[in-house]
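Asks: let's see this in three dimensions:
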Amino acid sequence: MKFGLLFELGGPPGSTREDVKKIYDDALDQITLADELGFDHMWAVEHHFSPPHSFSTAPEVFLTAAAVRTKRIRVGHGIVVCTPPVNHPAHIAERAAVLDIVSNGRLDVGTGRSNTWLELGGYAAEPHDTKQSWDEYVRALPKMWTDPSYSNPNGRFFKMPERAIVPQPLQDPHPPLWVAVTSPGTEFDAADRGLGVFGLSIGNYKAQEEKIKNYRRRIQNCEPIGPAVNEQVHIVNFMHCGLDETAAQRGRVMLDTFNHNTAHTVPVKEVYPSPLYQIGGFLPTLRQEALGPGDATGIPEGLAIGEPDRIIEVVKHWESIGVDGMNFVIQASEVLSHEDVMESLRNFAKYVMPQFKTPEELAAPVATGLRKV
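Replies: Take a look at the predicted model:
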């Protein structure tokens, strides 16, 4: 089991320039500590026009800062928006390759298409085309990273004459590729292309177990889009680890704040009628009934919030149904104090991690999980 952190970089309503500076500083301190404690991954979202829920508009810059401050932890786009005119695939390939070099080969690239009208409408993107444009982008990226030159003269969503796209990434053959799985059926899109699953929609164990089984079964017959297959399943979760009942209370505040913020990001489905958008935001609303019955702590089923024993059981359950990695939201609009978040990370590393990793595994380089084909 791999453990990671996911950063939205959100702030309270009315955040000032100084507030946003503190959000970034606190996140970099948390990532530095996570690297020292043995966490495997850190990821940054890409959101636009979405204050105060997220100020993570240039994740490649933030990820570079994180890479420079750390030694072991892998840095990842979770996710980069693969939609014109938000990003051009050649720009994605170039920035990713440089970041892979700067991080000494520690980059993961999650891909996706955005779920919010604030972003897609702000760029005048066509929501009904986003899945097709994402497909064209992800099929281009491995070629851009590995071929001496690349051309796409007849592309639908971008056209390119032959050009050398440099530099190549440090990782051979290229950084692991993932796709955000939030909409129903995207796990099949991932499997068919040989891509890793990033961020299965929060749901109860039973619902996610079925998706994982479908993915595992289907990827065995995939037609890889590049020279390597990523067969890993990572989920997005929430984590706050404390040594008494107050941990559940603080975690509940974080959940409620996150839920409130995502409810105001204007999902595409609320504005634009398209069968390609059936849910809203990065994650669906965290309703108690959608997640499962929970327990006496009041925390819904499957969330890594509370005291260590409860979190250990949660992680074991996810592991038992085929999850390879858990990436935790640990803050929501700075509603928790920086000190509480740092203490939660230390508690998790001290009491939970040793149940899943040996000291040698905690110190070793993090494996990419790729299988060359």
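Asks: only C-alpha atoms for contact and neighbour calcs from this point on.
Replies: Noted.
Asks: quick one: end-to-end length of stretch 68-79, please.
Replies: Distance between the two ends of stretch 68-79: 20 Å, counting by CA to CA, to the nearest Å.
Asks: what does it rub up against?
Replies: Outside stretch 68-79, the residues within contact range by CA atoms under 8 Å, 6 or more residues apart in numbering are 6, 31-32, 34-35, 38-46, 59-60, 63, 66-67, 102-103, 106-112, 179-180, 198, 365-366.
Asks: these in helices, which ones?
Replies: If you go by DSSP state H, these have 31-32, 34-35, 59-60, 63, 66-67, 102 in helices.
Asks: Ser50: which of these is nearest?
Replies: Nearest to Ser50 among those is Pro59, at 14.1 Å by CA to CA.
Asks: for the closest one, report the pLDDT, please.
Replies: Note for Pro59: predicted pLDDT of 98.
Asks: contact partners for it?
Replies: 44-46, 77.
Asks: let's see 6 Å
Replies: 44, 46 (CA atoms under 6 Å, 6 or more residues apart in numbering).
Asks: looks to me like His234 is in a strand.
Replies: Yes - counting by DSSP: H, G, I helix; E, B strand; the rest coil, His234 is part of a strand.
Asks: contact partners for the nearest residue to it once chain neighbours are set aside?
Replies: Counting by CA to CA, 6 or more residues apart in numbering, His234 lies nearest to Gly325, which is 4.4 Å off, once chain neighbours are set aside. Applying CA under 6 Å, 6+ apart to Gly325 gives the contacts 1-3, 234.
Asks: make TSV out of those residues and add distance to Tyr351 and neighbour count.
Replies: Formatted as TSV, the contacts of Gly325 follow (distance: CA to CA, whole Å; neighbours: other CA atoms under 10 Å):
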residue	distance to Tyr351	neighbour count
Met1	15	16
Lys2	15	19
Phe3	14	22
His234	21	24
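Asks: now do the SS call for the most centrally placed residue in the chain.
Replies: Taking CA atoms, centre = their mean, the centroid of the chain lies closest to Gly78, which sits 3.3 Å from it. Secondary structure, three-state DSSP: Gly78 is strand.
Asks: and the gap between it and Leu63?
Replies: Taking CA to CA, one finds Gly78 at 11 Å from Leu63.
Asks: and Glu136, by the same measure?
Replies: Per CA to CA, Glu136 is found 25 Å from Leu63.
Asks: so those two - more neighbours on which side?
Replies: A count of neighbours by other CA atoms under 10 Å puts Leu63 above the other of Glu136 and Leu63, at 22 against 18.
Asks: the closest residue to the more buried one other than its chain neighbours: neighbouring residues, count only.
Replies: Spatial nearest neighbour of Leu63, excluding adjacent residues (CA to CA, 6+ apart): Val75 at 6.3 Å. When neighbours are counted by other CA under 10 Å, Val75 registers 29.
Asks: for ChimeraX, what selects the buried ones among the ones in helices among the contacts of stretch 68-79?
Replies: The ChimeraX selection below is limited to those of the ones in helices among the contacts of stretch 68-79 classed as buried (16 or more other CA atoms under 10 Å):
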select :31,32,34,35,59,60,63,66,67,102
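Asks: can I get the ones in helices among the contacts of stretch 68-79 in CSV with distance to Gly122?
Replies: CSV is the format used below for those (distance: CA to CA, whole Å):
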residue, distance to Gly122
Ile31, 31
Thr32, 34
Ala34, 35
Asp35, 36
Pro59, 18
Glu60, 20
Leu63, 24
Ala66, 28
Ala67, 30
Val102, 31
